[in-house]
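Novice: Mind looking at a prediction? Sequence and model below.
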Amino acid sequence: MFHKLHLQLTFFCTVIIGGIFLVLTSICLFFAEDSMKTNDYSAFLQQINSALIHLKEQETISHQWLNQFQKNNQFLLYLYDNNRPLYYQSYHPSKRERQIQKEALKLAQEKYQMDLFSCNMRQITTHTEFNFSSSDRQGYYASAGIIPKKKGSQLSYLILCPLVKQQKQAVHLRLIIFLSDLAAISLLIPFFWFFTRRMLVPLEKSREKQMHFIASASHELRAPLTIISAGLDVLKKKSEPGKKEHFMGLMEEESRRMQSLINDMLLLANADSGHLPMHMQLWLPDELLLNAYEKYESLAAKKNIALSIKLPGETLPNCYCDRERMIQVFSVLLDNALSYTPAGGKTSLTLSLHKSCLRFSICDTGCGIPEQEKKLVFDRFYRSDHAHSDKMHFGLGLCIAKEIVSAHHGKIRVENAPEGGSCFVVELPAGTPQNHQ
């Protein structure tokens, strides 16, 4: 499922971002081509103005100037003295150029009313510039005009500027943009493949945890339900009173066990949804730890485990917390410590102030936790090999403790105890509610 989603997200992101990139580059290409055409047309007009000044001032047009003008600007120049083409032009025009000349003259006359062969004499220089496309689909900038001369004569001209260079530049620019787009999209594919994979990893892990949680919860609930179902079958058969009492006791015990598991699962569900009920007040930190110590003092003595508590001599700042929730955390940690500490071992509770944090430590001399399992002990339904035979430990206690501590903006971790075994450390912010904002 996630592999298919990975492919779909990669394709979707590549298409959307690639499409946006194509649109943006197309807009840039449009403005770049427009700017290029504007610059070329401005340069053409400047050259036309220079040519007009020369044609006005010179009584005689030399072949050298005509050759140089056409060569330097790559123009096609046609001059008519009193409607007769200059002798110079008979040397150069090819059949194609003569056809282009006719088409341009016709367009100038029909569309722009610039008849170069009109019999009406002009008093001032008149000219017009326009874009022209020949029958062979070649583009030109064109200028057609009439320059009055002395003694009642006039000089007509047609100048054509081929746009071959401009078109080549446009094709070159489009090719660069196309290759850039292609390269960008080619880079987007591996980028989004990696990026979407990184996005899906937490979802995949979350789904795996959810599936594991459901499977583990189902497994934990199956055992008490099986025992209760078997007990009901025995009660229906009206067996001996002693046997009935035995099965009723089992059913009651399994009901409590199932209720405890369901309560833990509901607490975790509330924590996941951010609706874990909290009643925050200021409490003395040593009172919280002493409460847990007194609660488990008799159980430690019963198991022949030395339970000690170490409190600092100086006055510590108050702890802004939910008292019942924090006692629940310490109860989970103490219960685990006493469960894994053998008879004759030690369990200690320590309170200290570290910078702006209150540090609660619960250490034991039990079997300890392997390094590779330290990150797993806070996972739901995780139990070490030593705890698999303990029916009252579901593997949710440390997970619940972590959720409660996180809700207090604190941290919980496990370390190696100095005398062997494990040491769970809870750090909570010290001070007034403002320190928790």
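Specialist: Alright, I've got the coordinates. No experiment lies behind these values; they were computed from the predicted model shown.

Novice: Excluding chain neighbours, give the residue nearest to K411 in space.
Specialist: E427 (4.8 Å; C-beta to C-beta, 6 or more residues apart in numbering). In short, each C-beta sits where N, CA and C put it, glycine included.

Novice: Restricting to C-alpha, output stretch 157-177 in PDB.
Specialist: This file holds the C-alpha atoms of stretch 157-177, laid out as PDB (Å, rounded to 0.1, in the frame of the first residue of the first chain):
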ATOM      1  CA  TYR A 157      13.500  53.200 -51.200                       C
ATOM      2  CA  LEU A 158      12.600  49.800 -49.800                       C
ATOM      3  CA  ILE A 159      14.800  48.300 -47.100                       C
ATOM      4  CA  LEU A 160      14.300  44.700 -45.900                       C
ATOM      5  CA  CYS A 161      15.900  43.300 -42.800                       C
ATOM      6  CA  PRO A 162      15.800  39.500 -42.700                       C
ATOM      7  CA  LEU A 163      14.900  38.100 -39.300                       C
ATOM      8  CA  VAL A 164      16.900  34.900 -39.800                       C
ATOM      9  CA  LYS A 165      19.400  35.800 -37.000                       C
ATOM     10  CA  GLN A 166      16.500  36.700 -34.600                       C
ATOM     11  CA  GLN A 167      14.700  33.500 -35.400                       C
ATOM     12  CA  LYS A 168      17.900  31.500 -34.800                       C
ATOM     13  CA  GLN A 169      18.400  33.300 -31.400                       C
ATOM     14  CA  ALA A 170      14.800  32.500 -30.500                       C
ATOM     15  CA  VAL A 171      15.200  28.800 -31.400                       C
ATOM     16  CA  HIS A 172      18.400  28.700 -29.400                       C
ATOM     17  CA  LEU A 173      16.700  30.300 -26.400                       C
ATOM     18  CA  ARG A 174      13.800  27.900 -26.600                       C
ATOM     19  CA  LEU A 175      16.200  25.000 -26.800                       C
ATOM     20  CA  ILE A 176      18.100  26.200 -23.700                       C
ATOM     21  CA  ILE A 177      14.800  26.600 -21.800                       C
END
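
Novice: Can you give the contact residues for stretch 178-187?
Specialist: With C-beta atoms under 8 Å, 6 or more residues apart in numbering as the test, stretch 178-187 has contacts from T14, G18, F21, L22, T25.

Novice: quick one: contacts for the third one?
Specialist: Taking C-beta under 8 Å, 6+ apart, we find F21 in contact with D181, A184, I185, L188.

Novice: Now with 10 Å, please.
Specialist: S180, D181, A184, I185, L188 (C-beta atoms under 10 Å, 6 or more residues apart in numbering).

Novice: And for the first one?
Specialist: Listed by C-beta under 10 Å, 6+ apart, the contact partners of T14 are I185, S186, L187, L188, I189, P190, F191, F192, W193, T196.

Novice: Would you mind measuring from the residue lying farthest from the centre of the chain to L338?
Specialist: The outermost residue of the chain relative to its centre, with distances by C-alpha atoms, centre = their mean, is K151 at 79.9 Å. Relative to L338, K151 is positioned 127 Å away (C-beta to C-beta, to the nearest Å).

Novice: S218 too?
Specialist: 29 Å.

Novice: When those two are compared, which one has more neighbours?
Specialist: L338 (19 against 10; other C-beta atoms under 10 Å).

Novice: Flag every buried residue along the helix or strand that R256 is a member of.
Specialist: Here R256 sits within helix 241-272, counting by DSSP states H and E. Going by neighbour count (16 or more other C-beta atoms under 10 Å), the buried part of helix 241-272 is F247, L250, M251, E254, R257, M258, L261, D264, M265, L267, L268, A271.

Novice: What pLDDT is listed against the spatially closest residue to A230 that is not a sequence neighbour?
Specialist: In space, and not counting its chain neighbours, A230 is closest to F247: 7.6 Å by C-beta to C-beta, 6+ apart. Listed pLDDT for F247 reads 71.

Novice: If K310 is in a bridge, with which residues?
Specialist: Under DSSP bridges, the beta-bridge partners of K310 are T350.

Novice: Neighbours of it, how many?
Specialist: Neighbour tally, K310, other C-beta under 10 Å: 11.

Novice: sorry, back to before: which secondary structure elements does the helix holding R256 sit against?
Specialist: helix 164-236, helix 397-407 (3 or more C-beta pairs under 10 Å, 6 or more residues apart in numbering; DSSP states H and E).

Novice: Compile these into CSV and extend it with columns for mean pLDDT and distance to K4.
Specialist: Shown next, in CSV, are those (pLDDT from 0 to 100; distance: least, C-beta to C-beta, whole Å):
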stretch, mean pLDDT, distance to K4
helix 164-236, 81, 11
helix 397-407, 87, 31
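
Novice: pLDDT below threshold where in the stretch 201-350 of the chain?
Specialist: 212-213, 215-217, 219-221, 223, 227, 234, 238-243 (pLDDT under 70).

Novice: 80 instead, please
Specialist: 205-276 (pLDDT under 80).

Novice: State the pair within the contacts of stretch 178-187 that is farthest apart.
Specialist: T14 and T25 (15.5 Å; C-beta to C-beta).

Novice: List the pairing partners of the strand or helix carrying Y157 within its sheet, with orientation.
Specialist: When elements are assigned from DSSP H and E, Y157 belongs to strand 154-162. Sheet pairing of strand 154-162 (DSSP bridges) gives strand 76-81 (antiparallel), strand 139-148 (antiparallel).

Novice: one step back: now whichever helix or strand the residue nearest to K411 is part of - C-alpha only, CSV.
Specialist: Assessed by DSSP H and E, E427 sits inside strand 422-429. What follows is strand 422-429, C-alpha atoms only, in CSV (Å, rounded to 0.1, in the frame of the first residue of the first chain):
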residue,chain,number,x,y,z
SER,A,422,18.6,0.1,35.7
CYS,A,423,18.0,3.7,36.6
PHE,A,424,14.9,5.6,35.3
VAL,A,425,15.3,9.3,35.4
VAL,A,426,12.3,11.7,35.2
GLU,A,427,13.0,15.4,34.6
LEU,A,428,10.2,18.0,35.2
PRO,A,429,10.4,21.8,34.8
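
Novice: mind checking how far it is from the chain centre?
Specialist: 35 Å (C-alpha atoms, centre = their mean, to the nearest Å).

Novice: Which elements pack onto it?
Specialist: Counting by 3+ C-beta pairs under 10 Å, 6+ apart, strand 422-429 packs on helix 285-302, strand 319-321, helix 323-340, strand 346-354, strand 357-364, helix 397-407, strand 411-416.
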